[in-house]
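Q: Need a 3D model of the following:
(chains A and B)
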Amino acid sequence: MAAPFQLYNTLSRQIEDFVPLEEGKIRIYVCGMTVYDHCHVGHARAMVVFDAFVRYLRHRDWDVTFVRNFTDVDDKIINRANELGEDPLALAERYIEHFQSDAEGLGLISPDLEPRVSTSIQQIQDMIQDIIDNEHGYVADGNVWFSVGTFGEYGKLSGQKVDELRSADDASGKAHPADFALWKAVKPGEPSWDSPWGPGRPGWHIECSAMSCTHLGAHYDIHGGGLDLVFPHHENEVAQSEAANKEKFVNYWMHNGLLTMKSGQKMGKSLGNVINVHVALEEFPAETLRLYYLQNLYRSSLPWSGEALPEALAMLARLYDAREKAEAMGGSEDPERVAADLGEDAQQVLELGQAFEGRFYEAMDHDFSTGQALGYLFQLARAVNRFAGHKKAKKRGGPVVAPALQAFQTVADALQLMTMNTEDFHQEVKTKRLAALGVSAKEVENLLVERTQARTDKNWARADEIREILEAKKIAVMDTAEGVSWRVRLDAPSEG
RNA sequence: GGCGGCAUGGCCAAGUGGUAAGGCAGAGGACUGCAAAUCCUUUAUCCCCGGUUCGAAUCCGGGUGCCGCCUCCA
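A: This is a model prediction of the structure:
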């Protein structure tokens, strides 16, 4: 049975009980990329948030149909292509390939459908025709405009009033400044398709209306995207879709908050302050970004800084290390008995492990509160670590940490965190962090061989000297009962 | 000018009227040849002023500050 949950709805500005249109099923559309540049860490937040949302819903037995588009016909693409002397669709294709590579790097599930504007022209034209037929659109000089004044509910999503808008100057032949283009007449150097109104191309907003309604129906459950799309993009989608189909478009509007810089301003291409995803992924495992995003409520703004990813990586390592300790514990006694024998910390890790799933689901079902849900996870990790300090934990502790291990698995399934084995995780961290620091594993290993010899000789001075050399390179050396190991320190500066 | 959002310890941050999760950083301690990791201890008049309530970080009103959108933006 699909589990009930609550969701903040931009349409009502409050948290609502989610009621699906069809029992057990959720149809969701998320605005994807306009492909004229690389995917940056701000886009990635949206991608990861909705990825985790869909994963969680499926984990909770919802039958989810997930559609995310590519906008591959657009002013910005055309402008960029003309600057580069490249065909716009070829440029778009190139950035779609970049995106797919980033999506794979981020560990995103593939949407069930990834429609593109360039292959949805017929559906777009059909919808424009319906809008015209329903007297909400008009043709002028090969352009088709949406007539905002004919749609009484215009503004119901964003709260904007047509008369209060600050309108940009343009001499495009619109009847009203707030009217917007459904179809743009062809201009030199632009891709175009034949249409009943002459050759041209779709306006910005119509593609999402047409593609989502084509694949999910005229009326579907959830539409997602960045907060900066509420107006005008999503407002216009509502107007177009409802004008064309004469029925309610979307039940729940879900908007992710934006990444902001230290100054408080958002990260945005137009502000020139972006960090591209592939750059971040060269330095940090994908789950680092995921944890960074999911620590916070999805609809709050999220500050970016050079410390953000190192900090998230430290948190992630803490989780992996706790899990590793739990995995190393053996024994097959009754957990209650072990807990009774080994004392309070054993009792607590058992109880927190058993309680985890319920608390996790409760947080997640309350408007996808991943930050709170992850707080419980860290409480559990600390309980595991504390218990792991006991002498008998390794031999007999297995049964009392079994629920904790199950909890970690739940998080892995639902949020795609802690999905690697610990060794691979640390290896990836080493590889990526060393590359970022410009240090080779070979030189570290060589120094450690020398240090191990020095320690065998009880030459502590030399051993400490080598430790200091490595410290200077941000390498932390750990002497354990099993021998020496090392890690890259996480406080290494990153761009930001 | 219009619309919307936010304001919680050094930083990030959860918080669904019943008395402040979690993470990072700092300090002290345990552990260690020295360290690292880990554990323990440690810091909050919840922006200000009113109001509702037995009780408010949470609800209402006013103020201040910051941010987003109204032109492309996840």
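Q: How many residues are close by the residue nearest to A:Ile121 when sequence neighbours are not counted?
A: Closest residue to A:Ile121 apart from its sequence neighbours, by CB to CB, 6 or more residues apart in numbering: A:Trp193 at 4.9 Å. C-beta here means a position set from N, CA and C on the backbone, and glycine is covered the same way. Using other CB atoms under 10 Å, A:Trp193 has 16 neighbouring residues.
Q: Show me the beta-bridge partners of A:Trp193.
A: With DSSP bridges as the criterion, A:Trp193 is bridged to A:Gly200.
Q: so where is the stretch 151-300 of chain A shaky, pLDDT-wise?
A: Low-confidence segments of the stretch 151-300 of chain A (pLDDT under 70): A:167-172, A:262-264, A:270-272.
Q: and the helix or strand harbouring A:Ile15, which strands flank it?
A: Element membership for A:Ile15 (DSSP states H and E) is strand A:14-17. Paired neighbours of strand A:14-17 in the sheet (DSSP bridges): strand A:6-9 (antiparallel).
Q: For A:Asp51, see how far away whichever residue of the stretch 301-450 of chain A sits closest to RNA strand B is.
A: Nearest to RNA strand B, among the residues of the stretch 301-450 of chain A, is A:Gly375, at 2.3 Å (CB to the nearest atom of the strand). A:Gly375 sits 21 Å away from A:Asp51 when distances are taken as CB to CB, to the nearest Å.
Q: Quick check on those two: which one has the bigger neighbour count.
A: Just comparing A:Gly375 and A:Asp51: by other CB under 10 Å the higher neighbour count belongs to A:Asp51, 25 against 15.
Q: what's the closest residue to that one other than its chain neighbours sitting at in phi/psi?
A: Spatially, and ignoring its direct neighbours in sequence, A:Asp51 is nearest to A:Leu108 (4.7 Å; CB to CB, 6+ apart). Main-chain dihedrals, A:Leu108, degrees, to the nearest 10: phi -80, psi 140.
Q: A:Leu108: how many residues sit nearby?
A: 23.
Q: ok now do it, which residues does it touch?
A: A:Leu108 sits next to A:Met47, A:Val48, A:Asp51 when contact means CB atoms under 8 Å, 6 or more residues apart in numbering.
Q: Out of these, which is nearest to A:His234?
A: The closest of the contacts of A:Leu108 to A:His234 turns out to be A:Met47 (CB to CB; 17.6 Å).
Q: Report how many residues lie close to that closest one.
A: 24.
Q: Quick check: the gap between it and RNA strand B.
A: Using CB to the nearest atom of the strand, to the nearest Å, A:Met47 is found at 8 Å from RNA strand B.
Q: pretty sure that residue contacts A:Glu104?
A: No: applying CB atoms under 8 Å, one finds A:Met47 not in contact with A:Glu104, separated by 11.5 Å.
Q: ok, which stretches of the stretch 1-150 of chain A are strands?
A: Counting by DSSP state E, counting those that start in this stretch, the stretch 1-150 of chain A has these strands, from start to end: A:6-9, A:14-17, A:25-34, A:63-71, A:137-140, A:143-146.
Q: How about the stretch 201-350 of chain A?
A: Counting by DSSP E, counting those that start in this stretch, the strands of the stretch 201-350 of chain A are A:220-226, A:250-256, A:259-260, A:302-303.
Q: Can you tell me what sits against the second one?
A: Yep, that's strand A:250-256 we're talking about. With contacts defined as CB under 8 Å, 6+ apart, strand A:250-256 is touched by A:7-11, A:16, A:18-19, A:21, A:29, A:45-46, A:49-50, A:53, A:157, A:219-227, A:229-230, A:234, A:238, A:241, A:298-299.
Q: Adjacent strands (with direction) for it?
A: Strand A:250-256 is paired, per DSSP bridges, with strand A:220-226 (parallel).
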